[in-house]
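A.B. asks: Just the structure for this:
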Amino acid sequence: MNRFLTLLILSVLITNNISGQSKEDSIVKLLKEKMEEQKIPGLQFIIIKNKKIIVSENIGMADVAFSVPVNDNTIFSINSISKVFAGTAIMQLVERGKIKLSETISTYIDDLPLEWQKVTLRQVMGHTSGLPDIEDTKNGGLIGGKGYDYAWTKVKEMPLQSKAGIRFSYNATNYLLVQKIIEKYGEMPFEDFIYKNQFKVAGIKNIYFGNSFDVMKNKSSTYSYYLKDKITNKYIKGDMLFEISEEFASELRADAGAFATSIEISKWIISLQKGEFISKKSIDIMWNPVKLNDGSHGGFGGFLNAYALGWPVINRGILGGVAPIGGGRASFVIYPKENTTIILFTNLTGSSPHKIVENISKVYFENLK
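C.D. replies: Residues are numbered from 1 along each chain as shown. Down below sits the predicted model:
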């Protein structure tokens with residue numbers, strides 16, 4: 001009888017191990033198929049379960065011209081994922097009693113236009129403020145093309161896009177204001193606050209803020225297949241791969257301009273979930289979608305159907321979560337109820353990694369249809 005039980009237990013363990021390997025193999029196979037389909041030069045992929053990394057893959061080239069492969073130390077441009085550091089910083093200041101989400105931004109920032117003064121910090125963080133955009137979305141860079149000081153003066157003269165709370169409008173002005181608040185009430189530059197209160201706490205060394213043309217050890221090139229038509233100002237996809245160069249104003253680090261490895265982001269996520277930055281209550285508040293005035297939610301569309309405090313939200317009954325994206329090439333999705341995170345960093349702009357993660361989720365989670 002004992003021998004039978006031993007064999008039965010061994011059989012179950014072996015079966016579970018094979019099943020686990022099979023699922024992992026299926027995920028990696030799907031990942032490689034998507035990589036080939038979209039002609040992604042290189043990527044990093046991680047699955048975190050119960051605050052531990054259970055899958056880690058490096059595939060392809062960090063630098064195509066010099067045939068440099070991706071490894072654990074490869075740093076990718078993760079752009080707007082900066083907003084999750086900013087959202088967490090705001091909640092750190094809330095916990096310290098220095099600011100309130102329900103207060104108007106004019107409570108914290110002086111010399112704002114009259115029309116801006118009734119907008120709340122929560123609306124700014126949720127991109128429902130209705131404020132004009134300081135970025136030139138057609139031509140790139142900041143409006144006016146004359147630097148930050150000129151753009152800041154100019155944007156304050158522009159009309160509102162809408163009244164606060166009417167619609168979702170993702171723009172850089174919101175996180176410019178968030179950065180100003182963090183710097184004022186954190187009593188130090190934004191980057192210093194993040195390093196001291198988040199990266200140092202998590203033991204992180206390989207996350208940086210800067211521009212894509214900055215020289216950083218182990219940094220991957222950033223690629224694209226899209227070229228801008230000089231006549232129509234539209235981006236057209238071609239077959240030729242080329243490197244792109246992006247500049248992120250230092251006044252907008254809360255909005256974009258982060259560079260990181262997937263391993264370091266894993267450390268940050270695990271520290272967040274352990275409560276090393278903010279409490280579980282504050283995390284729940286930070287991930288709670290910001291409502292419009294009519295009670296609905298705004299978001300990027302598709303399964304990213306809501307937006308919280310710096311975090312795009314997958315607002316659904318089964319396998320809901322938060323899904324930061326950056327530059328159309330980097331993403332991670334946290335599924336809180338399943339205590340699972342999937343990270344995918346690529347070096348190809350327009351690869352929509354959040355959509356690839358969604359496809360991978362259908363393999364990893366059997367109940368996602």
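
A.B. asks: now residue 97: how far from residue 299?
C.D. replies: For residue 97, the distance to residue 299 equals 31 Å [C-beta to C-beta, to the nearest Å]. Where C-beta positions appear, they are placed from N, C-alpha and C, glycine not excepted.

A.B. asks: Show me which of those two is the more surrounded one.
C.D. replies: residue 299 (22 against 7; other C-beta atoms under 10 Å).

A.B. asks: Tell me the secondary structure at that one.
C.D. replies: coil (DSSP: H, G, I helix; E, B strand; the rest coil).

A.B. asks: doesn't residue 306 make contact with it?
C.D. replies: Yes. Counting by C-beta atoms under 8 Å, residue 299 does reach residue 306; the two are 4.7 Å apart.

A.B. asks: Now do the shared contacts for these two.
C.D. replies: 289, 312-313, 315 (C-beta atoms under 8 Å, 6 or more residues apart in numbering).

A.B. asks: Would you convert the residues you listed into JSON lines that also reports neighbour count and pLDDT?
C.D. replies: Listed next are these as JSON lines, based on neighbours: other C-beta atoms under 10 Å; pLDDT from 0 to 100:
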{"residue": "289", "neighbour count": "21", "pLDDT": "97"}
{"residue": "312", "neighbour count": "27", "pLDDT": "98"}
{"residue": "313", "neighbour count": "23", "pLDDT": "98"}
{"residue": "315", "neighbour count": "17", "pLDDT": "96"}
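
A.B. asks: now, among those residues, which is nearest to residue 126?
C.D. replies: Distance to residue 126, by C-beta to C-beta, is smallest for residue 289 among the shared contacts of residue 299 and residue 306, at 7.7 Å.

A.B. asks: Excluding covalently adjacent residues, which one is nearest to that closest one?
C.D. replies: Excluding the flanking residues, the one nearest residue 289 by C-beta to C-beta, 6 or more residues apart in numbering is residue 306, at 3.6 Å.

A.B. asks: mind checking pLDDT for that neighbour?
C.D. replies: According to the prediction, residue 306 has pLDDT 98.

A.B. asks: who's it bridged to?
C.D. replies: Beta-bridge partners recorded for residue 306 (DSSP bridges): residue 313.

A.B. asks: separation between it and residue 187?
C.D. replies: 33 Å.

A.B. asks: So between those two, which is more surrounded?
C.D. replies: Higher neighbour count among residue 306 and residue 187: residue 306, with 24 against 10, using other C-beta under 10 Å.

A.B. asks: quick one: buried residues of the helix or strand harbouring residue 361?
C.D. replies: Using DSSP states H and E, residue 361 sits in helix 353-364. Judged by neighbour count using 16 or more other C-beta atoms under 10 Å, the buried positions of helix 353-364 are 353-358, 360-361, 364.

A.B. asks: go on, stretch 66-74?
C.D. replies: Result for stretch 66-74 [16+ other C-beta under 10 Å]: buried residues 70, 74.

A.B. asks: Mean confidence (pLDDT) on it, please.
C.D. replies: Mean predicted confidence for stretch 66-74 is 97.

A.B. asks: and what of stretch 350-365?
C.D. replies: Computed over stretch 350-365, the average pLDDT equals 94.

A.B. asks: List of residues touching it?
C.D. replies: 23, 26-27, 30-31, 34, 38, 40, 43, 47, 224-226, 237, 303-304, 319, 323, 325, 328-333, 335, 338, 340, 342, 344-346, 368-369.

A.B. asks: Just confirm residue 57 is within a strand.
C.D. replies: Yes. Under three-state DSSP, residue 57 sits within a strand.

A.B. asks: thought it was touching residue 28?
C.D. replies: Yes. Proximity of residue 57 to residue 28 meets the contact threshold set by C-beta under 8 Å, at 6.1 Å.

A.B. asks: Surely residue 150 and residue 134 touch.
C.D. replies: No. Applying C-beta under 8 Å, one finds residue 150 not in contact with residue 134, separated by 10.4 Å.

A.B. asks: Which one's more surrounded, the two?
C.D. replies: Per other C-beta under 10 Å, whichever of residue 150 and residue 134 has more neighbours is residue 134, with 26 against 13.
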